[in-house]
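S.K.: Fold the following and give me the result.
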Amino acid sequence: MISKKIFIFSKDDANPFITAFLIALVLFSGYLVFAATQTPTLSVTVSSALSFTVTTNQFATLSPGTSVQATSTLSVTTNNTSGWNVTLSGDNVTLTAQAMNDGSGTEITDKDPQWIVAAASATTSAGNAVSITNGDDVLAFRVMSASSTNGVSFLSTAWWGTSDAMFNASQLWAGIASSTNVSRIGNAGSGSYSATAHLNTVQYYLDVPVTQKTGTYTGPLTYTATANP
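M.R.: Next up is the predicted model:
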């Protein structure tokens, strides 16, 4: 036996049913919309930047037998967190030629030994600088303990001694390195970032014998500041 069900509804009954059906048809025959969320991450690498200036306070007129001093101020600004170092050499200096001359072949004697330290040498290892005596007839240099107020140490006391007081055993000096033996004179290590400049002072000592020829003597120096790797 097969049974059939017959639904009978009036016109009034049909209208709401058809309306509901049409609404359902619109809802389910349209578009299926899926929502997805992603979180992009921005990334950038800030490269190392370094600026470097050197200003020099020149020697006063020299009377032989009375020593004079001069200074250069090194100013370094860098964002490099590994720090920075500075090297020095004399453009005129070789094994035989001295740093300063009068342009006519007459020279002023450099301190012996000439400063020699490998660029990668640890600042905790002693260099070859030595003490001097007032009246030594030489040109010599050292890095002073004066440094920037931002707390970064540039001075190596193993290289230049622990005192800025003139002519004592705790103050070390050297001759200026040649251009073929460019040597590091100081290093500011890791954590050296500062928004302000790092200031450090290089000091020069000079005296000549009474036999030194009169005239004006000059000697170009090259300082190079480099960001540490």
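S.K.: so where is this protein shaky, pLDDT-wise?
M.R.: Within the chain, the segments meeting pLDDT under 70 span 1-32, 119-120, 146-152.
S.K.: Now do the strands in it.
M.R.: Taking DSSP state E to define them, one finds strands in the chain at 50-57, 68-78, 84-90, 100-101, 107-108, 139-143, 183-188, 198-206, 221-227.
S.K.: which residues does the residue nearest to Ala174 when sequence neighbours are not counted contact?
M.R.: When the adjacent residues along the chain are set aside, Ala174 lies closest to Trp115, with 3.7 Å between them (CB to CB, 6 or more residues apart in numbering). To be clear about C-beta, it is placed using only N, CA and C from the backbone, and glycine gets the same treatment. Residues counted as contacts of Trp115 (CB atoms under 8 Å, 6 or more residues apart in numbering) are 88, 127-129, 141, 174-177, 183, 185.
S.K.: What is the nearest of these to Gly219?
M.R.: Out of these, the one with the shortest distance to Gly219 is Ile176. That distance is 7.8 Å, counting by CB to CB.
S.K.: wait, that closest one sits on Asp110?
M.R.: Yes: taking contact to mean CB atoms under 8 Å, the distance of 6.0 Å between Ile176 and Asp110 places them in contact.
S.K.: can you tell me how far the residue positioned nearest the centre of the chain sits from Thr77?
M.R.: Residue closest to the mean C-alpha point of the chain, counted by CA atoms, centre = their mean, is Trp84 at 3.3 Å. Note on Trp84: its distance to Thr77, by CB to CB, to the nearest Å, is 10 Å.
S.K.: Overlap of the contact sets of those two?
M.R.: Shared contacts of Trp84 and Thr77, defined by CB under 8 Å, 6+ apart, comprise 50, 198.
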